[in-house]
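# next one to model:
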Amino acid sequence: MNKFSSYKPVVILLFLASLISLACGLGGRLTNKDQTPTPSGATIATPAQTSDTPAPQAANVEPTTALPVANRLPIESVVQIWTLDENDETLWSGSGSVISPDGYILTNAHVVMSDKYFNVEDLLVSMTVKDDEPPQPTYRAETVTVDENLDLAIIRVIADVDGNPLDPKSLNLPAMPLGDSDKANLGMELRILGYPGIGGETITLTSGEVAGFTGETGVKGRAYIKTSATIAGGNSGGAGIDEYGQLIGVPTQLGNGGDAEIVDCRVLADTNQDGVVDDSDACVPTGGFINALRPINLAKPLIEQAYNTEYAIAAEPTATPERSPISLPENPGEVLFQDDFSTDHEDWGVAKGITIEGGQFNLLVDQPSNYVWSTIGPNYTDVDFQVDTEKLGGPDDNSFGQVFRFQDQQNFYTFEISSDGYYTVNKYENSVWSNLIDWTASPLINQGQAHNQVSTIIQGSYYTFLINGVQVDSISLEEGPDSGGIGLIASSYAEPNVNIGFDNVLVRTPGGAREIAPSVEKYPPAAVDIIYQDDFSSPDPGWNWDSDDSVKRNIEGGEFLMEVVDPQTDAWATHITAPADVVIEVEAHKVSGPDMNNFGMIIDKNFLFVGRSILSAVLCVKEI
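Down below sits the predicted model:
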């Protein structure tokens with residue numbers, strides 16, 4: 001019997017007009033055709049230039065050494081980017097920053113890439129001419145390099161607004177200087193420039209401060225710069241600048257700004273059942289406010305890659321390699337609940353469309369535009385929730401995954417993937433759906449009738465999402481609930497009979513220590529001599545035991561504890577033993593502190609172990 005078999009399950013079947021919603025940080029799809037910029041026949045307006053404009057050249061990826069005038073606003077370097085379909089109709093808009101005179105522009109990947117329902121055929125770049133006038137449609141552009149994991153992309157101008165090819169080296173566009181995001185510190189003034197798509201059609205400035213930094217699995221150092229500035233959707237891909245007008249970061253991460261205001265609304269589904277998706281259908285509200293920026297230093301390798309690409313109007317976009325899966329500890333934390341569905345423990349309950357058979361928990365959505373879910377108690381606070389999934393039948397145009405922070409039938413969140421290779425995160429608040437992470441393509445998803453594992457890790461207000469062991473996204477929900485139930489969900493869209501199987505539900509506390517397996521002798525006793533070993537039952541004077549304000553070293557409870565007090569600091573301990581050819585073994589675990597750390601051994605004449613958090617270790621050295 002499972003640990004929580006006494007909790008009464010909640011099983012709900014509801015009609016869904018449309019669960020799907022589109023991109024965080026993008027402007028809305030325009031339904032008023034009079035508002036749509038006209039790519040063809042538009043007046044070409046180029047930025048004002050003077051006779052002393054420098055010759056075209058690629059902007060240096062390194063930080064600018066000579067700082068420009070303080071409080072400069074490089075508005076002429078900020079552009080609005082419209083995606084166009086095969087009919088030259090606009091789809092959505094975002095912002096970007098010109099980073100070289102010959103037409104390279106830095107933006108977000110989700111601004112310029114096709115999504116689950118719309119295919120981007122072309123990009124229209126509108127230049128900023130004056131701060132009190134709408135941007136002018138001026139160029140066509142193509143995508144050069146993309147990093148979907150960082151949500152960054154480089155596009156370049158290739159033609160005028162009518163599609164006539166241009167020589168990029170003759171453009172002489174106003175490039176924004178690149179700063180050094182590693183030098184940003186708490187309280188530093190930060191200004192955001194972009195085209196939010198709400199509150200008017202002109203460029204918008206918002207100001208704030210650097211409010212902090214966050215990490216991300218697979219990203220070394222600062223993954224996000226948090227800001228107190230209010231950044232509305234549509235500013236995605238825009239410019240986060242310092243007081244000297246240098247580009248420090250790219251508004252990227254969409255979070256909850258602390259209120260329920262909807263900043264975007266998209267037509268995405270055939271809500272009136274007339275067989276087509278058009279302006280006659282109801283739109284799905286999306287949005288929130290961006291609360292973080294991707295540091296410019298993370299974009300510099302992508303920029304360098306773009307600069308090394310030869311000019312070619314018809315060149316295919318170059319994608320960066322997919323990040324490798326990150327192995328999770330075998331036992332990250334205490335198991336709170338698990339179910340392999342070998343038998344029905346009555347934790348979940350069954351109803352129409354919900355069955356337990358064949359060792360799986362099955363959800364069948366037999367009507368179009370429907371969804372089926374089942375939730376269980378209790379309410380969890382910080383939690384690591386994972387489940388195996390499999391499409392058993394029906395169309396690939398579906399979605400399925402996890403329910404989390406479940407409050408009641410009108411308030412919860414979902415993390416879902418689809419069998420055609422996309423994932424999304426949504427919020428259902430007071431019976432209104434809104435989008436937190438847009439439908440995003442991921443090669444990590446095994447498509448069709450294949451197995452996938454989805455995981456949601458909640459630690460305070462920070463939510464991390466993984467697919468098949470790899471982190472694909474994260475959000476911060478400062479105003480979200482601090483606990484809630486969990487569940488499983490499956491949805492259909494245009495076609496019915498979506499049938500999804502779930503297995504191996506595992507709920508744990510996040511961030512626990514890895515279980516250390518019993519020691520195994522790897523070499524025959526006669527083949528090795530033990531040179532040195534220490535179980536730290538007492539201090540060995542051969543180690544460095546010195547402590548100061550930045551690092552503390554001591555023995556406690558049979559362990560060598562090393563506490564790194566200051567941030568961004570390395571600490572180590574050396575031993576006087578200096579063997580030649582050796583096998584070194586050490587056991588280490590994090591006692592406390594953040595997960596963004598590193599610890600282990602360094603070998604250089606003497607052997608050392610080093611870390612960026614409190615660690616403990618038992619060391620055993622054997623000669624080969």
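
# can you give me the neighbour number for Asn185?
8 (other C-beta atoms under 10 Å). (C-beta placed from N, C-alpha, C; glycine too.)

# tell me the SS of Val111?
helix (DSSP: H, G, I helix; E, B strand; the rest coil).

# what of Glu304?
helix.

# distance check, it against Ile99.
11 Å (C-beta to C-beta, to the nearest Å).

# equivalent analysis for Leu302, please.
Taken as C-beta to C-beta, the span from Leu302 to Ile99 is 11 Å.

# how is Ser538 assigned, secondary-structure-wise?
coil.

# from memory it sits against Ile555, does it?
Yes. With contact defined as C-beta atoms under 8 Å, Ser538 reaches Ile555; the gap is 7.2 Å.

# which one of these two is surrounded by more residues?
When neighbours are counted by other C-beta under 10 Å, Ser538 and Ile555 differ, and Ile555 comes out ahead with 17 against 8.

# so what's the more buried one bridging to?
Beta-bridge pairing of Ile555 under DSSP bridges involves Phe560.

# that older thread, overlap of the contact sets of Leu302 and Ile99?
Shared contacts of Leu302 and Ile99, defined by C-beta atoms under 8 Å, 6 or more residues apart in numbering, comprise Ile154.

# more neighbours, those two?
Legend: neighbour count by other C-beta under 10 Å for Leu302 and Ile99, higher for Ile99 (27 against 22).

# how close does Leu152 sit to Thr138?
For Leu152, the distance to Thr138 - C-beta to C-beta - is 23 Å.

# those two: which is more packed in?
Leu152 (26 against 22).

# correct me, but the more buried one touches His110?
No. Leu152 lies out of contact with His110 (C-beta under 8 Å); the separation is 9.9 Å.

# pLDDT score assigned to Arg72?
Note on Arg72: pLDDT of 72.

# which one is it nearest to, not counting chain neighbours?
Excluding the flanking residues, the one nearest Arg72 by C-beta to C-beta, 6 or more residues apart in numbering is Gly245, at 3.8 Å.

# got it, and Leu205?
Nearest non-adjacent residue to Leu205 (C-beta to C-beta, 6+ apart): Leu193, at 5.8 Å.

# kindly state the beta-bridge partners for the one you found.
Leu205, Ala239.

# how far away is it from Phe213?
21 Å.

# who's more crowded, these two?
Neighbour tally, Leu193 and Phe213, criterion other C-beta under 10 Å: the higher count belongs to Leu193, 26 against 19.

# who touches that one in this structure?
Leu73, Pro74, Ile75, Val78, Ser95, Ile203, Thr204, Leu205, Gly238, Ala239, Ile241.

# tell me if I'm right that the third one and Glu133 touch.
No. With contact defined as C-beta under 8 Å, Ile75 does not count as touching Glu133 (10.9 Å).

# pLDDT of stretch 545-552, averaged?
Stretch 545-552 comes out at a mean pLDDT of 82.

# quick one, grab the pLDDT at the nearest residue to Gly194 once chain neighbours are set aside.
Spatially, and ignoring its direct neighbours in sequence, Gly194 is nearest to Gly238 (2.7 Å; C-beta to C-beta, 6+ apart). What the model reports for Gly238 is a pLDDT of 88.

# distance of Thr90 relative to Ile486?
Taking C-beta to C-beta, one finds Thr90 at 40 Å from Ile486.

# what about the two, which has more around it?
Ile486 (25 against 19).

# could you give the bridge partners of the more buried one?
Beta-bridge partners of Ile486, as defined by DSSP bridges: Ile376.

# same deal with Val507?
Phe337, Phe385.

# parallel or antiparallel, list what pairs with the helix or strand where Glu585 lies.
Following DSSP states H and E, one finds Glu585 within strand 582-590. Strand pairing for strand 582-590, determined by DSSP bridges: strand 615-623 (antiparallel).

# low pLDDT regions in the stretch 351-500 of the chain?
Counting by pLDDT under 70, the stretch 351-500 of the chain contains no low-confidence range.

# how does it look with 80?
When residues are selected by pLDDT under 80, those of the stretch 351-500 of the chain lie in 377, 438, 478.

# what's the answer for the stretch 201-350 of the chain, then?
Checking the stretch 201-350 of the chain against pLDDT under 80 turns up 214-221, 229-236, 253-291, 309-333, 349-350.

# show me the strands in it, by range?
Under the criterion DSSP state E, counting those that start in this stretch, strands of the stretch 201-350 of the chain are mapped to 204-216, 219-232, 239-241, 247-255, 264-267, 283-286, 289-295, 318-319, 335-339.

# and what of the stretch 351-500 of the chain?
354-357, 360-365, 370-380, 383-393, 398-408, 411-417, 422-429, 432-441, 451-459, 462-467, 470-476, 484-492, 498-508.

# tell me the buried residues in the third one?
Using 16 or more other C-beta atoms under 10 Å as the burial criterion, the residues of strand 370-380 that qualify are Asn370, Tyr371, Val372, Trp373, Ser374, Thr375, Ile376, Gly377, Tyr380.

# for it, packing partners?
If contacts are counted by 3 or more C-beta pairs under 8 Å, 6 or more residues apart in numbering; DSSP states H and E, strand 370-380 sits against strand 10-15, strand 360-365, strand 398-408, strand 484-492.

# between the ones you listed, which one is closest to Glu121.
strand 398-408 (25.4 Å; C-beta to C-beta).

# so what touches that closest one?
So strand 398-408 is contacted by 10, 19-20, 363, 365, 373, 375, 383, 385, 387, 389, 391, 412-419, 423-424, 454, 456, 458, 480-481, 483-493, 498, 500 (C-beta under 8 Å, 6+ apart).

# on that earlier part again, mind listing what's buried along the strand holding Glu585?
So strand 582-590, judged by 16+ other C-beta under 10 Å, has buried residues Val582, Val586, Ala588, Lys590.

# may I see those organised as CSV, with pLDDT added?
Output for those, formatted as CSV (pLDDT from 0 to 100):
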residue, pLDDT
Val582, 71
Val586, 81
Ala588, 81
Lys590, 76
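
# show me which of the residues you listed is closest to Asn430.
Of the buried residues of strand 582-590, the one sitting nearest to Asn430 (C-beta to C-beta) turns out to be Lys590, at 40.2 Å.

# measure the closest one to Gly333 for me?
Lys590 sits 12 Å away from Gly333, going by C-beta to C-beta.

# measure the residue nearest to Leu205 to Ile155 for me?
Distance from Leu193 to Ile155, counting by C-beta to C-beta: 18 Å.

# out of the strands of the stretch 351-500 of the chain, flag the one nearest Ala159.
strand 432-441 (26.3 Å).

# who are the packing partners of that closest one?
Counting by 3+ C-beta pairs under 8 Å, 6+ apart, strand 432-441 packs on strand 247-255, strand 283-286, strand 422-429, strand 470-476.

# out of those, deepest packed?
strand 247-255 (a mean of 29; mean count of other C-beta atoms under 10 Å).

# and Gly611, what's its pLDDT?
39.

# likewise for Arg514?
Looking at Arg514, the pLDDT reads 34.

# what's the answer for Lys169, then?
So Lys169 comes in at 84 (pLDDT).

# do I have it right that it meets Asp102?
Yes. The criterion here is C-beta under 8 Å, and Lys169 meets it with Asp102 at 5.3 Å.

# what residues are bridge-paired with Thr574?
Leu608.

# my read: it touches Asn544, true?
Yes. The pair Thr574 / Asn544 is scored as a contact, 5.4 Å apart, by C-beta under 8 Å.
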